[in-house]
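Asks: build me a structure from this.
(chains A, B, C and D)
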2 protein chains.
Amino acid sequence: MTESLTDQRRLRPRGSNLGRELAEKLRARIIGGEFPPGARLPSETAISDAYGVSRVTVRTAVKLLESQGMVNVRHGSGTYVADFGGQVRTGLQELRSISETIQEMGFTPRMERYRMEQRPATPEEAAKLAIDDGTEVISIQRAILADEIVMAYSYDVIPSSLIPASHVGELGVDSLFRVLDQLGLQPVRALAELHAVNSTEVAWGPSQPESGLYLLLDQVHQDQRGAAVAYSRTYFVEGRFQFMILRTR
Amino acid sequence: MTESLTDQRRLRPRGSNLGRELAEKLRARIIGGEFPPGARLPSETAISDAYGVSRVTVRTAVKLLESQGMVNVRHGSGTYVADFGGQVRTGLQELRSISETIQEMGFTPRMERYRMEQRPATPEEAAKLAIDDGTEVISIQRAILADEIVMAYSYDVIPSSLIPASHVGELGVDSLFRVLDQLGLQPVRALAELHAVNSTEVAWGPSQPESGLYLLLDQVHQDQRGAAVAYSRTYFVEGRFQFMILRTR
DNA sequence: TAACCGTCAGTTGTAGGACGACTTACGTCT
DNA sequence: AGACGTAAGTCGTCCTACAACTGACGGTTA
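Replies: Now for the predicted structure:
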């Protein structure tokens, strides 16, 4: 068995590398306030000295932060912390669970399960997940709350073959991402479609919003090889969740 | 056939660099179908030989494409074209004009100007643009059409001080981005907010959509220094414009 | 036969040093 | 005071080399 090898690999998060790790550290220092918006980061050579890595690695880290909109790199001048309104930092384009985002915003997230069932995939779901028509899938309907206020209604679909029976129970309780992570199925990207929806058939349970106006995030989550691991439709109640997109060149 | 990028340095547009240029060329080849989804790109050394640039430059280009979700890089294996369901669609997070996006999708874009005026900024606009209350701004209301069908209604606001009188005339006709580009005001990032809107007061003119359901993209465009150069609200008619977001780790 | 396990070539990740291109500040000259 | 040249600092690109990883091939073993 090669179990010991995989365990060692876990010490360094799977799929990460020095560049990503350094980017995460720098990001933490920026968020921590050490480098306020507009401030200049140390030079690349200074950073490479401080962290004991090569300047190549520093550059990949900085480039990553730049692509996330955290910093602006100016040739000949330096690298500067981007100035967003002071508070916003997580954009929609970064892949993370909604629960975590709610938590980072200072609220208490909670999941409420409405229905969970195993059934054949509908043609649309099969197309999105690139599986055969009628393959068994697990369907989960949940509400996502922040401080007991409904933020969104989610409809998730996962092929049953990906979830061993021992983990099915966690699906309705824990975050979808966390369960997938435990199974070694880290989605690294998601192809999302956006729609405005006005319907009374989305919400369920108590404290339904009055307007019926939602922002629909229709997502296919993929692993590193491009294989679809989950299909989720999340209906965000308009006005309750601030959606930020960072558009970069 | 090797082409050297460094030879034509004088022709290079401002603010670009070799890495970005190479990324653009590779992107064109991918979109052109030379490398279909799932295909492996030539190795980094092969690309660096073919284009006459160093492997470092190739890596920055590939990293850029990776951050845009165009490719997946696998250590020890190669770089593979990401698989979006067969079609190539431009993601929302890449900053480009709507006209260009329409054109890339194979339609004919057209702008229709409804109203353009110079007036003091409203408090909300002043806040978004980080200017003093009541500063003179130019306000433009337009419709964006693809093959003569209204895709979106846009409400743009630019501080008057940025636009010399000689260029004001072009504002309603040409793309906003193109005018700003001619003035050396290249927006490199935009902080956008997303909303679902249901209103009958957005549309004007003939061929108004029946539903009144829109996806509102509320954007503040910034230059490289983080200064706000324009504030735009674009109401996309629901269902007519496919919105793609690429979420990456 | 079938599973296992090195080996090896190919590819991406990281290192170190060097120089070019650009920005900024500062001192000099007019 | 203003224009200009200079120099130091910083990012952009190049070169070479090696480490880490992947995938395929073949030999070994049960």
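Asks: residue of chain A closest to DNA strand C, please.
Replies: Evaluated by C-beta to the nearest atom of the strand, chain A has residue A:76 as its residue closest to DNA strand C, separated by 2.3 Å. The way it works is simple: take the backbone N, C-alpha and C, and place the C-beta from them, glycine included.
Asks: SS state for that residue?
Replies: Look at residue A:76: counting by DSSP: H, G, I helix; E, B strand; the rest coil, its state is coil.
Asks: neighbours of it, just the number please.
Replies: Residue A:76: 4 surrounding residues under other C-beta atoms under 10 Å in any protein chain shown.
Asks: give me phi/psi at it?
Replies: Per-residue torsions, residue A:76: phi 80, psi -10 (degrees, to the nearest 10).
Asks: which segments of chain A make up each domain?
Replies: A:5-81, A:88-244 (automatic domain parsing).
Asks: right, and the helix or strand after the helix or strand bottoming out on mean pLDDT in chain A?
Replies: Here the helix or strand of chain A ranked lowest by mean pLDDT, DSSP states H and E is helix A:3-11, holding a mean of 34. Per DSSP states H and E, the first helix or strand lying C-terminal to helix A:3-11 is helix A:18-31.
Asks: is that next one anywhere near DNA strand D?
Replies: No - interface with DNA strand D: helix A:18-31 contributes nothing (C-beta under 7 Å from any atom of the strand), its closest point being 9.8 Å away.
Asks: which helices and strands sit right next to the helix or strand just after that helix?
Replies: Per DSSP H and E, helix A:18-31 leads on to helix A:44-51 as the next helix or strand towards the C-terminus. Applying 3 or more C-beta pairs under 8 Å, 6 or more residues apart in numbering or on different chains; DSSP states H and E, we find helix A:44-51 packed against helix A:18-31, helix A:55-67.
Asks: one more pass at 10 Å, please.
Replies: helix A:18-31, helix A:55-67, strand A:78-81 (3 or more C-beta pairs under 10 Å, 6 or more residues apart in numbering or on different chains; DSSP states H and E).
Asks: quick check: the most far-flung residue of chain A relative to its centre vs residue B:53, distance?
Replies: Most distant residue from the mean C-alpha position of chain A: residue A:76, 34.3 Å away (C-alpha atoms, centre = their mean). Taking C-beta to C-beta, to the nearest Å as the measure, residue A:76 and residue B:53 are separated by 20 Å.
Asks: the nearest residue to residue A:204 once chain neighbours are set aside - how many residues pack around it?
Replies: Leaving aside its chain neighbours, residue A:204 sits nearest to residue A:114 (5.5 Å; criterion: C-beta to C-beta, 6 or more residues apart in numbering or on different chains). Residue crowding around residue A:114 was assessed by other C-beta under 10 Å; the count is 14.
Asks: for residue A:114, give me its contacts.
Replies: Residue A:114 sits next to A:140-143, A:153-155, A:172, A:204-205 when contact means C-beta atoms under 10 Å, 6 or more residues apart in numbering or on different chains.
Asks: just checking, next helix/strand downstream of the helix or strand harbouring residue A:157?
Replies: Using DSSP H and E, residue A:157 maps to strand A:149-159. For strand A:149-159, the following helix or strand on the C-terminal side (DSSP H and E) is helix A:165-171.
Asks: so where is chain A shaky, pLDDT-wise?
Replies: By pLDDT under 70, the weakly predicted segments of chain A are A:1-16, A:84-96, A:104, A:172-173, A:181-186, A:224-226, A:244-249.
Asks: would you agree residue A:231 is in contact with residue A:140?
Replies: No - using C-beta atoms under 10 Å, residue A:231 is not in contact with residue A:140; the gap is 11.2 Å.
Asks: how about residue A:146, nearest residue that isn't a chain neighbour?
Replies: Spatial nearest neighbour of residue A:146, excluding adjacent residues (C-beta to C-beta, 6+ apart): residue A:107 at 3.9 Å.
Asks: so what's the one you found up against?
Replies: Counting by C-beta under 10 Å, 6+ apart, residue A:107 makes contact with A:101, A:145-149, A:151.
Asks: any idea how far residue A:144 is from it?
Replies: Distance of residue A:107 to residue A:144, computed by C-beta to C-beta: 11 Å.
Asks: so what sits against both of these two?
Replies: Residues within reach of residue A:107 and of residue A:144 at once, by C-beta under 10 Å, 6+ apart, are residue A:151.
Asks: surely residue A:138 meets residue A:120?
Replies: No - look at residue A:138 against residue A:120 with C-beta under 10 Å: they stay out of range, at 11.4 Å.
Asks: neighbour count for those two, which is higher?
Replies: With neighbours defined as other C-beta under 10 Å, residue A:138 and residue A:120 compare such that residue A:138 has more, 20 against 13.
Asks: mind listing the residues bridging to that one?
Replies: Note on residue A:138: beta-bridge partners by DSSP bridges are residue A:118, residue A:158.
Asks: distance check, it against residue A:168.
Replies: With C-beta to C-beta as the criterion, residue A:138 and residue A:168 are 7 Å apart.
Asks: what sits in contact with each of these two?
Replies: Joint contacts of residue A:138 and residue A:168 (C-beta under 10 Å, 6+ apart) are A:116, A:118, A:158, A:160.
Asks: for the last one, give me its contacts.
Replies: In this structure, residue A:160 makes contact with A:118-121, A:135-138, A:168, judged by C-beta under 10 Å, 6+ apart.
Asks: once you drop chain neighbours, what's closest to it?
Replies: Residue A:160's closest residue in space is residue A:136 (C-beta to C-beta, 6+ apart), at 4.2 Å.
Asks: which residues touch the one you found?
Replies: Counting by C-beta under 10 Å, 6+ apart, residue A:136 touches A:118-121, A:159-161.
Asks: then residue A:212?
Replies: By C-beta under 10 Å, 6+ apart, the contact list for residue A:212 reads A:197-203, A:235, A:237-238, B:198.
Asks: with adjacent residues omitted, what lies nearest to it?
Replies: Nearest residue to residue A:212, sequence neighbours excluded (C-beta to C-beta, 6+ apart): residue A:200, at 4.9 Å.
Asks: isn't there a helix covering the one you found?
Replies: No - read with three-state DSSP, residue A:200 is coil and lies in no helix.
Asks: distance check, it against DNA strand D.
Replies: Distance of residue A:200 to DNA strand D, computed by C-beta to the nearest atom of the strand, to the nearest Å: 48 Å.
Asks: cool, residue A:228 as well?
Replies: According to C-beta to the nearest atom of the strand, residue A:228 and DNA strand D sit 18 Å apart.
Asks: for residue A:160, same thing?
Replies: According to C-beta to the nearest atom of the strand, residue A:160 stands 26 Å off from DNA strand D.
Asks: what's near enough to touch the closest residue to residue A:111 other than its chain neighbours?
Replies: Excluding its sequence neighbours, the residue lying closest to residue A:111 (C-beta to C-beta, 6+ apart) is residue A:142, at 5.4 Å. Counting by C-beta under 10 Å, 6+ apart, residue A:142 touches A:111-116, A:152-156, A:171-173, A:175-176, A:234.
Asks: tell me which residues of stretch A:135-150 are tucked away?
Replies: A:137-146, A:150 (16 or more other C-beta atoms under 10 Å in any protein chain shown).
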